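> no letters, just coordinates:
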Ligand code: PEP
Ligand code: MN
């Protein structure tokens, strides 16, 4: 195999010689090994062809010619691997992308934060309740949320269950898309789900009607022949590449290609807690051929960011590296500009993508984690402005959102208040924009992109 020079010392398991944060401790190493052996024999979930196609599209986004829309749950649960929930997530992302394409006139790359988003970084390894201390819940790939010694013990079988659910999810999404779910000729797939009558619903309906008229116009010109681009879309998957033994088991070589691909997802990212340049996650990620992202938030320094870019993208490969910023509405104005300038001085072209969710989390008096629509929007606006001032495009956005009518984030046109939060708070981890808040956010976003 012809690895490029800087990867001569890299192997899918070379990360094991580095300090690895956020990894579960399994009580039975033999059981874990048996599962990993099985996992490494199972077929991949995505193909290198799809991955390279995405990388090409991301390269265009770095030049401002496409826009990345990435979204989904903070953490998928095995229980939510259901047709209506999966279709709902696909639908809200497609509808958001329709608004962006229509209003901002830019092609959208759609990436789900799903089909494998099952492992979570946590602030502590353990949790204590009423004097009892147990391992913390690390996502359905690792253990179960119940506060019970058995449920909280990391179970390697869950790695197989997670792989299978990722496969079921991706299979269903491919079937929906191949079956015409995203076909603009099928207005039933473009109807609104939960939106109350009001400005968001009206704005959305107006766009759908405008698109329908435009299609009619174009198909009149083609003599009624359908336009293939209107019938299907590309759809890609992503998750945080946190659980390194799982990621390693899905890292494969592909006939007639050089190097190694993570074939468990198209577009994995490194979280803000595991992006230590000397750590195991960066070591693993530097060797895979996928396009990759890194979450960039406090307390990152310019020097650290430059080192990360040099390690993860030494060849300045177009589309290779995405930086997902998540500083919070208050900090972004001071934190982001020096980082942008540092990379510009070095002639580095990356995708600057805004995650306006993770820097704006707060806890209500009653102890619920929430985020305010207005703060999320504010971070998005400020980030867009900073990049614009630097002569760069906002290349994309990264949202935690749901296709359901959940009540987890405050505000928006639906006016969710603290009193509403308990009504349909379903996320086991971070709060998501609900269906209507997501569409409203897409309308704002499209406005910001119209420069
Ligand atoms: C997340 O995306 O759910 C997450 C933990 O984000 P970050 O790494 O940015 O904190
Ligand atoms: Mn989250």
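Noted; the coordinates are in hand. Everything quoted here is computed from the prediction, not taken from an experiment. Numbering: from 1, shown residues only. Ligands and ions are numbered 1, 2, ... in the order given.

> now do the SS call for the residue nearest to residue 227 when sequence neighbours are not counted.
Leaving aside its sequence neighbours, residue 227 sits nearest to residue 218 (C-beta to C-beta, 6 or more residues apart in numbering; 6.0 Å). The way it works is simple: take the backbone N, C-alpha and C, and place the C-beta from them, glycine included. Three-state call for residue 218 (DSSP: H, G, I helix; E, B strand; the rest coil): helix.

> I'd guessed residue 218 sits against residue 229; true?
No. With contacts counted by C-beta atoms under 8 Å, residue 218 stays clear of residue 229, the gap being 10.0 Å.

> run through this structure and note the low-pLDDT ranges.
1-2, 187-188 (pLDDT under 70).

> hey, where'd the helices end up in it?
Applying DSSP state H to the chain gives helices spanning 29-41, 48-62, 83-104, 149-152, 157-178, 199-221, 244-249, 280-287, 302-312, 332-345, 373-389, 435-449.

> out of those, which is closest to ligand 1?
Ligand 1 lies closest, by C-beta to the nearest ligand atom, to one member of those: helix 280-287, at 10.8 Å.

> what's the closest one in contact with?
Residues outside helix 280-287 that contact it (C-beta atoms under 8 Å, 6 or more residues apart in numbering) are 7, 10-12, 14-21, 241-242, 244, 247-248, 259-260, 268, 270-271, 274-276, 292, 308, 311-312.

> pull out the buried members of the residues you listed.
Applying 16 or more other C-beta atoms under 10 Å to those, the neighbour count classes 7, 10-12, 14-15, 20, 241-242, 244, 247-248, 259-260, 268, 270-271, 274-276, 292, 308, 312 as buried.

> restrict the residues you listed to those near ligand 1?
residue 271 (C-beta under 6 Å from any ligand atom).

> could I get the contacting residues of the residue of the chain found nearest ligand 1?
Nearest to ligand 1 in the chain, going by C-beta to the nearest ligand atom, is residue 271, at a distance of 3.1 Å. Residues in contact with residue 271, defined by C-beta under 8 Å, 6+ apart, are 22, 121, 240, 242, 281, 295.

> so it versus ligand 2, what's the distance?
Distance of residue 271 to ligand 2, given as C-beta to the ion, to the nearest Å: 9 Å.

> point me to the residue of the stretch 51-200 of the chain nearest ligand 2.
residue 74 (3.4 Å; C-beta to the ion).

> that residue and residue 92: what is the separation?
15 Å (C-beta to C-beta, to the nearest Å).

> those two: which has the busier surroundings?
Legend: neighbour count by other C-beta atoms under 10 Å for residue 74 and residue 92, higher for residue 92 (25 against 22).

> surely the more buried one is in contact with residue 439?
Yes. The pair residue 92 / residue 439 is scored as a contact, 7.2 Å apart, by C-beta under 8 Å.

> hmm, residue 103 is touching residue 207, no?
Yes. Residue 103 lies in contact with residue 207 (C-beta under 8 Å); the separation is 7.1 Å.

> show me which of those two is the more surrounded one.
residue 207 (21 against 18).

> return the residues of the protein in contact with ligand 2.
74, 430 (C-beta under 5 Å from the ion).

> the residue most central in space within the chain - nearest residue in space that isn't next to it in sequence?
Residue closest to the average C-alpha location in the chain (C-alpha atoms, centre = their mean): residue 113, at 3.6 Å. Closest residue to residue 113 apart from its sequence neighbours, by C-beta to C-beta, 6+ apart: residue 72 at 3.1 Å.

> contact partners for that neighbour?
89, 93, 112-114, 117, 400-401.

> please repeat the previous calculation with a cut-off of 7 Å.
By C-beta atoms under 7 Å, 6 or more residues apart in numbering, the contact list for residue 72 reads 89, 112-114, 117, 401.

> widest-spaced pair of the residues you listed?
Spatial extent of the contacts of residue 72 (C-beta to C-beta) is set by the pair 117 and 401 at 12.4 Å.

> can you count the residues close to the closest residue to ligand 2 within the stretch 301-450 of the chain?
Residue nearest to ligand 2 within the stretch 301-450 of the chain (C-beta to the ion): residue 430, separated by 3.5 Å. Residue 430 has 18 neighbouring residues, counting by other C-beta under 10 Å.

> and for the one 3 residues further on?
Other residues lying near residue 433 total 26 when counted by other C-beta under 10 Å.

> just to check, it is in contact with residue 411?
No. The criterion here is C-beta atoms under 7 Å, and residue 433 misses it with residue 411 at 10.1 Å.

> and residue 39, how far from residue 274?
Distance of residue 39 to residue 274, computed by C-beta to C-beta: 21 Å.

> distance between the ends of stretch 62-79?
Terminal residues of stretch 62-79 lie 36 Å apart, using C-alpha to C-alpha, to the nearest Å.

> residue 56 reaches residue 317, doesn't it?
No. The pair residue 56 and residue 317 fails to qualify as a contact (C-beta under 7 Å) at a distance of 10.9 Å.

> how close does residue 246 get to residue 239?
Where residue 239 is concerned, residue 246 sits at a distance of 10 Å (C-beta to C-beta).

> same check, this time on residue 334
Between residue 334 and residue 239 the computed distance is 31 Å (C-beta to C-beta).

> who has more neighbours, these two?
Here residue 334 and residue 239 are compared on neighbour count by other C-beta under 10 Å; more neighbours surround residue 239, at 28 against 9.

> now, which of the contacts of residue 271 lie within strands?
Here DSSP state E is the test, and the contacts of residue 271 give residue 295 as lying in strands.

> buried members of the contacts of residue 271 into PyMOL, please.
Buried residues within these, by 16+ other C-beta under 10 Å, are selected in PyMOL with:
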select buried, resi 22+240+242+281+295
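
> can you pick out the most distant pair from the contacts of residue 271?
Of all pairs drawn from the contacts of residue 271, the one with the longest distance (C-beta to C-beta) is 22 and 295, at 13.0 Å.

> who in the stretch 101-250 of the chain is up against ligand 1?
121, 240.

> if we go to 8 Å?
Neighbours of ligand 1 within the stretch 101-250 of the chain, by C-beta under 8 Å from any ligand atom: 113, 120-121, 240.

> thanks again, I'm all set now.
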